[in-house]
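J.: Just a sequence and a predicted model for now, questions to come.
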Amino acid sequence: MTVALPSLALALLCLLRAGAEVPVQPDFDTEKFAGMWYVTATASNCSVFLKMKDGMKSSITTISFTPEGDLAMKLVWPLLGKCQKFELLFQQSGQAGHYVAAQEKRDLLVMETDYGHYAILHEAHHSETEPSTALQLLTREQDVSPQLLQKFTELVPTMGLTKDMLAILPESDQCTKAIS
C-alpha cells in the first residue's frame, strides 16, 4: 500500500496535464461547471498512468471556484480497497476555461461541456524530463452513453494520443461517501 500511494500520486500528476493549441469551451460558465463529476474515461501518454491504467476505477471529483476565480479540484480515487483523496488548485489563466498550475508547469483546459451531462478536459504537463498530455471524460453520472464514449474515443487520436493509451474506467461506488 505504501508503495502504491506515491505511484498513484504520480499517476494523478500525469493525468492532470495539458498543452498545445486546444479549443476551450466558448463562454465557459464556472457556476454551471462547479459540482460533482465522475472521471469515466482517460487517455494519456504519461508513463506512470500507462502502467496503472488497467487497474484503475472510476473516480469522483468535486470542482469549485475560489472568489478569485481559481479552480479547486478535490479528487477521490479507489485504490487497494481504500479511498485516496487529493486536492489540486489551478489558477485562472486569463481565458475562461483555461487554468494553470505554474509551479508544476501544467495547463488544464475545459475543451467542451454541456454542464449537465459531460465535460472533456485536456491537460498538459510541460516537463523537460517527461512532457505528457491527457484527456479526461467527466460525467455527472457514472453511466456513460455509448455515443458520448464514442465521441471521446474519436477525439483521442486528434490530440496526439493512441487508443492503447485509453482507459475506460469501470464504475465504482466505493468512494461515493468519501467525497464530502
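T.: Here it is on my side, so go on. Residues are numbered from 1 along each chain as shown.
J.: Can you give me the buried ones in stretch 96-109?
T.: 96-101, 106-109 (16 or more other Cβ atoms under 10 Å). Using the backbone N, CA and C atoms, a C-beta is placed for each residue, glycine as well.
J.: do the same with stretch 39-51
T.: Residues of stretch 39-51 classed as buried: 39-46, 48-50 (neighbour count, 16+ other Cβ under 10 Å).
J.: got the end-to-end distance for that stretch?
T.: End-to-end span of stretch 39-51 (Cα to Cα, to the nearest Å): 18 Å.
J.: now stretch 122-131
T.: 14 Å.
J.: That stretch - what's its average pLDDT?
T.: Computed over stretch 122-131, the mean pLDDT rounds to 87.
J.: Then stretch 85-94?
T.: Here the average pLDDT along stretch 85-94 is 91.
J.: Helices of this structure, start to end?
T.: With DSSP state H, the ranges of helices along the chain come out as 4-15, 30-33, 47-52, 146-155.
J.: Go through the buried residues of stretch 96-109 and say which is closest to P23.
T.: Set against P23, the nearest of the buried residues of stretch 96-109 by Cβ to Cβ is L109 (8.1 Å).
J.: for this structure, where's the lowest mean pLDDT among helices and strands?
T.: Among the helical and strand segments of the chain, the one scoring lowest on mean pLDDT, DSSP states H and E is helix 4-15, with a mean of 46.
J.: Just to check, F90 is in contact with T66?
T.: No. Contact criterion Cβ atoms under 8 Å: F90 and T66 do not qualify, at 10.1 Å.
J.: All set, thanks.
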